[in-house]
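>>> Give me coordinates for this.
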Amino acid sequence: MGIADRRSEYETAGLDVRDLAAHPVEQWQRWYDEAVAAGCTEPNAMILATIDADGRPNARYVLVRGADQEGLWFFTNTESTKASELAGRPVAALVFGWLELHRQVRIRGPVEPLGRDEAEAYFASRPRASRLASWASRQSSVLPDRDALLASLADVEARFPGDVPAPRWVGCYRVEPDEVEFWQGRAGRLHDRLRYRRAGDGWVVERLSP
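Next up, the predicted model:
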């Protein structure tokens, strides 16, 4: 079967405006909880799209690590490519794809770096191996080979035989939505697309053509 010949029929109950929560992050949380309950692969994985200095988009998967009424937040190296791009243009787009449930969520909005306390608290919760890796890897920098990375890790393990403190480049960012779209696959390609759009202090919900 060729790529163009692949087909999947989405048999779901659909999504109606009456089903939605008043706030888009609350609706996102509902769908996230359902994705977890359904055993979706990496339900907290999201595509993060940023814009570089030349106006070109850049996208990669990261993990969402929290959500509140202000938005969704994630952690990354403040010296990484994504952090540099966010410093230059503090806006981003997110995509969640819970394919087992035939669902997608798209989010756009400004990005705000959060305080050092949040970053350090999260870093302390990570497994030791992950904390060591954060010290060993200068994210997005060019490596001559993998051996150089492993040598850096060995140096870090020797440097921190006990507790591993948070490096200065651990950062926390929050995407503050001004537009959120919930996509529910349905039969015959007549999918449901409902979009929250910020209007003053509230939200307008619109149905989009599939």
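
>>> Could you list the buried residues of the lowest-mean-pLDDT helix or strand in the chain?
In the chain, the helix or strand scored least confidently by mean pLDDT, DSSP states H and E is helix 116-125, which has a mean of 90. Neighbour counts over helix 116-125 (16 or more other C-beta atoms under 10 Å) mark 118-119, 122-123 as buried. Glycine gets a C-beta too; all of them are placed from N, C-alpha and C.

>>> Same check on stretch 52-67?
Result for stretch 52-67 [16+ other C-beta under 10 Å]: buried residues 62, 64, 67.

>>> All the strands of the protein, in order from the start?
With DSSP state E as the criterion, the chain has strands at 45-51, 57-63, 66-68, 71-77, 91-98, 103-113, 170-175, 179-184, 192-199, 202-208.

>>> Tell me which of the ones you listed lies nearest to residue 23.
strand 202-208 (7.0 Å; C-beta to C-beta).

>>> So the spatially most central residue of the chain versus residue 178, what's the distance?
For the chain, the residue nearest the mean C-alpha position is residue 46 (3.6 Å; C-alpha atoms, centre = their mean). Counting by C-beta to C-beta, to the nearest Å, the gap from residue 46 to residue 178 is 17 Å.

>>> With residue 118 instead?
On the measure of C-beta to C-beta, residue 118 and residue 178 end up 22 Å apart.

>>> low pLDDT regions in the protein?
Filtered on pLDDT under 70, the chain yields the residue ranges 3-10.

>>> if we go to 90?
Scanning the chain for pLDDT under 90 picks out the ranges 1-13, 115-119, 138-141.

>>> Residue 171 - nearest residue in space that isn't next to it in sequence?
residue 78 (3.8 Å; C-beta to C-beta, 6 or more residues apart in numbering).

>>> what are the phi and psi values for that neighbour?
Main-chain dihedrals, residue 78, degrees, to the nearest 10: phi -70, psi -10.

>>> re earlier: identify the farthest-apart pair in the buried residues of helix 116-125.
118 and 123 (9.7 Å).

>>> Kindly tell me how buried residue 185 is, as a neighbour count.
The number of residues packed near residue 185 is 21, by other C-beta atoms under 10 Å.

>>> didn't it look like it was pressed against residue 102?
Yes - with contact defined as C-beta atoms under 8 Å, residue 185 reaches residue 102; the gap is 3.3 Å.

>>> what's near enough to touch residue 133?
residue 153 (C-beta atoms under 8 Å, 6 or more residues apart in numbering).

>>> rewinding a little: tell me the one among the buried residues of stretch 52-67 nearest to residue 31.
When these are compared against residue 31 (criterion: C-beta to C-beta), the nearest one is residue 67, at 11.3 Å.

>>> ok, now which ones touch the residue nearest to that closest one when sequence neighbours are not counted?
Excluding its sequence neighbours, the residue lying closest to residue 67 (C-beta to C-beta, 6+ apart) is residue 25, at 5.6 Å. Applying C-beta under 8 Å, 6+ apart to residue 25 gives the contacts 67-69, 71-72, 177, 180.

>>> Quick one: the buried residues of stretch 52-67 as a markdown table, columns for distance to residue 206 too.
Converted to a markdown table, the buried residues of stretch 52-67 look like this (distance: C-beta to C-beta, whole Å):
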| residue | distance to residue 206 |
| --- | --- |
| 62 | 28 |
| 64 | 24 |
| 67 | 22 |
